[in-house]
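Novice: 3D, please:
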Amino acid sequence: MSTLSTQIPAAPLAKSCSPDTALVDTLLPTAYCPSALEPAPPLRHGPPMPDAAAFPPTVPPPRPVEPGLYLVATPIGNLRDMTLRALDVLAAADLVLAEDTRVTAKLLSAYGLKARLERCDDHASARAAELAVERLKEGGVVALVSDAGTPMVSDPGFVVARAAVAEGLPVHPVPGASSLLAALCIAGLPADRVLFAGFLPPKSAARRTALEELRPGRQTLVFFESGPRLADSLADMAAVLGPRPAAVARELTKLYEECVRGTLPELAADPRCQSPKGEIVIVVGPGEAETASAADADAALSEALTRLPPGEAAAEVSRALNLPRKPLYKRALELKGR
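Specialist: Have a look, this model is predicted:
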């Protein structure tokens, strides 16, 4: 397997697809072809690779793969990110459901595996769910993979998982590579509260509307985006969200991995964010807490008092505006004329 240790070079983004659910079509000739990966390029920096003797002589023994649906994460660029358990499941699978069977066939070939493949994309997910449920009821092992990364993240595979759950059939995660988590790890931004928003709308007006809905939240935001739309999306984020700290992660785990950090206005103007190639994740830090004005509180209380007694109105406005309840209750009584 040593010939598979290389990283996959960057390639043009052929379509707007999730970094976790597609190694784009233009990567197909080189992404998983062993002959195209020889020899592995040397590391540009850092110490040489450790001697093989430094690694444990054995790996944990494989466990039997019980019947069920397995949601299997696959590498997002570097083939050595495949887990041992994922290989166990794929080797044992009676059926592998794949977003693009051509991509998955090349992936399996890179590890010396073969399997019965069936398509599970936006147009075939319903049929894939039927096949999976049928095979699972027969006691089979079914694996679901995306083109790259973790299934179910901006991915049509949820239709299959939903069908299996509805039938009371076993469903198991096989964790592994995820561009969402990889970007979050290297962004250098808070990760205690995170909202994944997927792809924003392609048109600016709809995109700004979506961002307005996200603006009040006090959590880090994560988006997928395509290279051609990146600069426009960053400009809209800067206009709606303000100068929040952010990071643009590109080609994660691949040879030309890059993470550009700065405020949203800085990133929108950065030449590196002008239609770059590759698969992109945007991470935006939380904004500063906004303090409601006295006028805002009075307006909210007046509306709440039309429906609720003063105590409940004060509690509702306290939660909505993040203000202390006691002063709001006192003000509610004043507005009621008590």
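
Novice: List the contacts of the spatially closest residue to Leu305 that is not a sequence neighbour.
Specialist: Using Cβ to Cβ, 6 or more residues apart in numbering and skipping the chain neighbours, the partner closest in space to Leu305 is Ala313 (4.9 Å). Yep, even glycine has a C-beta here, placed from its N, CA and C like the rest. The neighbours of Ala313, taking Cβ atoms under 8 Å, 6 or more residues apart in numbering as the test, are Leu301, Ala304, Leu305, Arg307, Ala332.

Novice: close enough to count as contact, the third one and Leu333?
Specialist: Same thing as Leu305. No. Look at Leu305 against Leu333 with Cβ atoms under 8 Å: they stay out of range, at 9.9 Å.

Novice: between the two, who's got more neighbours?
Specialist: Leu305 (18 against 14; other Cβ atoms under 10 Å).

Novice: From Gly77, how far out is the more buried one?
Specialist: For Leu305, the distance to Gly77 (Cβ to Cβ, to the nearest Å) stands at 57 Å.

Novice: what do you get for Pro62?
Specialist: For Pro62 relative to Gly77 (Cβ to Cβ), the value is 25 Å.

Novice: Looking at these two, which is more packed in?
Specialist: For the pair Pro62 and Gly77, the greater number of neighbours falls to Gly77 (27 against 13), based on other Cβ under 10 Å.

Novice: wait, isn't that one in contact with Thr253?
Specialist: Yes. With contact defined as Cβ under 8 Å, Gly77 and Thr253 form a contacting pair (4.0 Å).

Novice: Do a quick rundown of the helices in the stretch 51-200 of the chain.
Specialist: For the stretch 51-200 of the chain, the helices defined by DSSP state H, counting those that start in this stretch occupy 84-92, 101-110, 125-137, 158-166, 179-187.

Novice: Flag every buried residue along the last one.
Specialist: Residues of helix 179-187 classed as buried under the neighbour-count rule (16 or more other Cβ atoms under 10 Å) are Ser179, Leu180, Leu181, Ala182, Ala183, Leu184, Ala187.

Novice: and the residues you listed as JSON lines, adding distance to Arg218 and pLDDT?
Specialist: Formatted as JSON lines, the buried residues of helix 179-187 follow (distance: Cβ to Cβ, whole Å; pLDDT from 0 to 100):
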{"residue": "Ser179", "distance to Arg218": "24", "pLDDT": "96"}
{"residue": "Leu180", "distance to Arg218": "20", "pLDDT": "96"}
{"residue": "Leu181", "distance to Arg218": "21", "pLDDT": "96"}
{"residue": "Ala182", "distance to Arg218": "24", "pLDDT": "97"}
{"residue": "Ala183", "distance to Arg218": "20", "pLDDT": "97"}
{"residue": "Leu184", "distance to Arg218": "16", "pLDDT": "97"}
{"residue": "Ala187", "distance to Arg218": "17", "pLDDT": "97"}
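
Novice: And those, which is closest to Ala197?
Specialist: Nearest to Ala197 among these, counting by Cβ to Cβ, is Leu180 at 10.7 Å.

Novice: show me what contacts that closest one?
Specialist: Contacts of Leu180 by Cβ under 8 Å, 6+ apart are Asp20, Thr150, Val153, Phe196, Val222, Val281.
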